[in-house]
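Q: build me a model:
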Amino acid sequence: MLNGPAIFAASLFYLGLLFAVAWWGDKRADEGRSIIASPTIYALSMAVYCTTWTFYGSVGRAAVSGIGFLPVYLGPTLVMALGWFLLLKMIRTAKANRITSIADFVSSRYGKSHLLGGLVTIIAVVGIVPYIALQLKAVSSSVSLLLHYPEIVMPGRSVTLPVFADMSFYIALILAAFTIVFGTRHLDATERHEGMVAAIALESVVKLVAFLAVGLFVTYGLYDGFADIFDHVADDEKLRLLTAAIPTGQGYTGWFSLTLLSGMAILFLPRQFQIAVVENVGEAHLKRAAWLFPLYLLLINIFVLPIALGGLLHFAGQGVDADTFVLTLPMAQRQEGLALLVFIGGLSAATGMVIVETIALSTMVCNDLVMPLLLRLKALGLEESKDLSRLLLGIRRGAIVVILLLGYLYFRLAGEAYALVAIGLISFAAVAQFAPAMIGGMYWRSGTRDGALAGLLAGFMVWGYTLLLPSFAKSGWLGADFLTQGPFGIGLLRPQELFGLTGLDEISHCLFWSFFANIGAYVAVSIMRPPTAAEASQARLFVDALKHARPVGASLWRGQAEVSDLQTLVGRFLGPERAKSAFSAYARKHGGKRVELLEADAELVHFSESLLAGAIGSASARVMVASVAKEEPLSLSEVMNILDEASQLRRYSRDLERKSRELEAATRELKAANERLQELDRVKDDIMSSVTHELRTPLTSIRAFSEILRDDPDMDLADRERFLGLVVSETERLTRLVNQTLDLAKIESGNADWHGTEVDLKELVEQSVAATSQLFRERGACIELDLAEHLPLIHADRDRLIQVMLNLLSNAVKFLAPQDGWVRVSLQAQQTGLEVSVADNGPGIRAEDQPIIFERFRQVGDTMTDKPAGTGLGLPISLRIIEHFGGRLWVESVPGEGATFRFFLPFALAGKVLSGASKASM
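A: Down below sits the predicted model:
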């Protein structure tokens, strides 16, 4: 039975499992054997987007607006399917510039500004606090519900309880401790947490399995499938509105706003940036995530509407909160195991979000708020301290605790007045304010630091005024007049009808005015003055990120530095051992020198700054490197000249690569042409050699007969006619040989004419036999036909195949014994084509000669005395014809027992079936 100890034990076991996976992942990473170097794990980790908002809140929203929950998932799907190139550019830029957070990204783009990074951090923390409150609310509500099992008792308002009696407070502390253990055990210059990513991927599987399990239970356990649920809904007029094509209480403007908002959230939520950009180990992983992550979103939303409708039908009039249907439906049916699985799934959704979000935010707080402040106050004692890594870890751990307590505070003050989804949308609207500065920074070179500051401030202030403050007013912490009459009774300043704009839901209203202020200020202020040298150099790196594989930042530094000073500086933040290892690896990569022999050039300075950027942020890293390296400032014109030279070099390099590829292609073509010419030379030589032999016999005979006729003018008429007949016969033979020679030459050179058509092979065989019947009668030989019925057509050249058949038939009859020979012709259908065989009872062919008779040409001495019988030009020509149409020709023979020539031709694409059979004897 479910009770407090059982729930606590299950939660502890699950969290312990996650920790074990994270520990194993980190251990493997330290050994150089990453377990997250998989596109599937990358795609699953991106599902940290699906928090308790998805697990519980989507059902609650569907219970109110029907399919109105879908835009929250359409946005990410569209971004991954159509806008993946934007994420690719972010990944490429972050890797090239050692960027570790979204604040680091924005500050790096605009000249590595501390002020801008700090502002982004403040917006992120304030904007995400409601989202963290959402997780606390969901977990505490689910625990409260399970503690009353089997009764279903809705949780009371936490605000009525003292802090130390509030379960949500202790949940916040547990999550803080768990996050500290997960993500801040040690400091990593790359700011990657492979163990955390592995655990998040596992959590994604767990929450998907849990949600699908309850969906199947409701749809096919409580009801008889989707159709049954919708049939029940059709009988209720109020519920029937939830299945309408136009969402209940939400127009197309609201759909567009939510789709746009969620699309930006998948890019600009700190946790999504952490997982998709910072934790990415290979750009190629994005290809699988582009379809696997949308598939995940589809699967986890299949049963949202059935669960919502099933819960409304089951709990009609009982006052059960729709946000809890995922858990209360199994509880109502006494499904203890399923209820516990659902609780673990919800806990998984919450812990995944909290861990990644607070790790990302703590990194931003440390690198972009606390560190710049300490540097400005000179409070770090750089001269005395040798290792500041513990201080950095302490700052991040403290930030995690503070952020979670702020989330708990918001939950106490305002979270009770909102449904889960509504709380999440407040955070979505906050992080959407990063879009103009980030997207503009990646595609617009003229964007400046002042423009980004002005845009972010304007958008953030409008968001706070139109969305955050109204959430406090609805909770009773501000007067209701603030919403209904506006501050000081000024109606035009009503926060959710600002300047008289009505007819929009609160999210669309906030998005319109905040983007109007944000984009307008960003563009206007950026146009007012040109970018500085630092801004211009960073702008080029970000805008052209996809044009080069590594940054050119090293070429933008000019000054003097000492290697020992740089290594010591890096060691103070990363630890001496880590710094020594990093510099040694750099030395090995650059010629295998010792660290002491390295030159403190621009590239080494840039390398040191990149290491520090991973630990303290790019802006603070630049300040720290400047404290030990004497840099000569570059003017804007010098920066632009350097960047132009770099661009020219890249273009020149691309041109060289293109020319090289073209040269390689031309070389391959020349080589192929040369090989073809050599082959033609060999063909020519073979033809000449074979033709010389083949023509010698008839020419010799004609000459001999001619001499006999000339030398014996008194020869009687009968002998003279006999000799003239022999001359005519040899002349005809000579003509055939010449024609065969020309035909073979054309085939070998590729200049032969081919006329492919659908051929009835049975009819062709019969005609060929008829054409050679006189030859068989003169020899006194018998010919038999065995032709199968219903044979399909084959695709070939009819005239060429007749030539093959005539060659095979004449070759067979040539060596038959007079008056005692026979030839059997058969035609049979095989699985993929037709096979013709011509068998005889002649002397056969020696085994050693069988591979020879199909060679194109073979000259064995001038007399060719050991040439296999029957190997003139007819068989080589026949072989080439059959092979041209995808078939094969071969011989089977036993000396003294005859020979069988066979050829096979594949079927034509059109398989017209012919009828008729033939069994005949001639």
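Q: helix or strand for residue 229, which one?
A: Using DSSP states H and E, residue 229 sits in helix 226-234.
Q: packing partners of the helix or strand immediately after that helix in the chain?
A: Downstream of helix 226-234, the first helix or strand assigned by DSSP H and E is helix 237-240. With contacts taken as 3 or more CB pairs under 8 Å, 6 or more residues apart in numbering; DSSP states H and E, helix 237-240 sits against helix 226-234, helix 304-314. From N, CA and C alone the C-beta is placed, and that goes for glycine too.
Q: show me the contact partners of the last one.
A: The reference is to helix 304-314. Under the contact criterion CB atoms under 8 Å, 6 or more residues apart in numbering, helix 304-314 has outside partners 58-60, 62-63, 66-67, 69, 214-215, 218-219, 222-223, 226, 229-230, 232-233, 236, 239, 242-243, 320, 322, 325-326, 328-329, 332.
Q: residues near the closest residue to residue 225 other than its chain neighbours, how many?
A: Distance criterion CB to CB, 6 or more residues apart in numbering; nearest residue to residue 225, sequence neighbours excluded, is residue 219 at 6.2 Å. Applying other CB atoms under 10 Å, we find 21 residues neighbouring residue 219.
Q: who are the contact partners of residue 350?
A: 51, 52, 135, 136, 138, 139, 175.
Q: what's the helix or strand for it?
A: Residue 350 belongs to helix 336-365, assigned by DSSP H and E.
Q: now that helix: buried residues?
A: Residues 336, 338-365 are the ones in helix 336-365 that count as buried (16 or more other CB atoms under 10 Å).
Q: again with stretch 70-84
A: Residues 70, 71, 72, 73, 74, 75, 76, 77, 78, 79, 80 are the ones in stretch 70-84 that count as buried (16+ other CB under 10 Å).
Q: now do stretch 783-795
A: 783, 785, 787, 791, 792, 793, 794, 795.
Q: just say helix, strand or coil for the first one.
A: Meaning residue 783. Of the three states, residue 783 takes strand under DSSP: H, G, I helix; E, B strand; the rest coil.
Q: touching, it and residue 816? I think so.
A: No: with contact defined as CB atoms under 8 Å, residue 783 does not count as touching residue 816 (10.2 Å).
Q: common neighbours of these two, please.
A: 822, 823.
Q: I'd like the next helix or strand past the host helix or strand of residue 802.
A: Using DSSP H and E, residue 802 maps to helix 798-814. Reading on from helix 798-814 to the C-terminus, the next helix or strand found by DSSP H and E is strand 822-829.
Q: and that next one, which strands flank it?
A: Paired strands of strand 822-829, with direction, are strand 782-787 (parallel), strand 833-840 (antiparallel) (DSSP bridges).
Q: that strand vs helix 798-814, what angle?
A: 150 degrees (axes from the mean of the first three to the mean of the last three CA atoms, to 10 degrees).
Q: distance from the chain centre to strand 822-829, please.
A: 56 Å (CA atoms, centre = their mean, to the nearest Å).
Q: buried stuff in it?
A: 822, 823, 824, 825, 826, 827.
Q: now do the last one against residue 775, distance only.
A: Okay, so that is residue 827. 20 Å (CB to CB, to the nearest Å).
Q: run the chain-centre distance for whichever strand or helix holds residue 439.
A: Counting by DSSP H and E, the element that carries residue 439 is helix 435-443. Offset of helix 435-443 from its chain centre (CA atoms, centre = their mean): 24 Å.
Q: what's the following helix or strand after that helix?
A: Along the chain past helix 435-443, the next helix or strand (assigned with DSSP H and E) turns out to be helix 449-463.
Q: quick one: that following helix to helix 435-443, angle?
A: Using the same axes, to 10 degrees: helix 449-463 against helix 435-443 is 150 degrees.
Q: now helix 449-463: how far from the chain's centre is it?
A: 35 Å.
Q: okay, buried residues for it please.
A: 449-460, 462-463.
Q: number of nearby residues for residue 335?
A: For residue 335, using other CB under 10 Å, the count is 17.
Q: name the helix or strand for the closest residue to it other than its chain neighbours, please.
A: Spatially, and ignoring its direct neighbours in sequence, residue 335 is nearest to residue 217 (6.9 Å; CB to CB, 6+ apart). For residue 217, the element it lies in under DSSP H and E is helix 194-217.
Q: mean confidence for that helix?
A: Mean pLDDT, helix 194-217: 93.
Q: and it, what does it pack onto?
A: helix 4-30, helix 39-45, helix 167-183, helix 285-301, helix 304-314, helix 325-332, helix 336-365.
Q: can you list these in CSV and add mean pLDDT?
A: Shown next, in CSV, are the helices and strands packed on helix 194-217 (pLDDT from 0 to 100):
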stretch, mean pLDDT
helix 4-30, 86
helix 39-45, 93
helix 167-183, 84
helix 285-301, 93
helix 304-314, 92
helix 325-332, 93
helix 336-365, 91
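Q: hmm, residue 201 and residue 36 touching each other?
A: Yes: with contact defined as CB under 8 Å, residue 36 and residue 201 form a contacting pair (7.5 Å).
Q: so what sits against both of those two?
A: Common neighbours of residue 36 and residue 201 (CB under 8 Å, 6+ apart) are residue 45.
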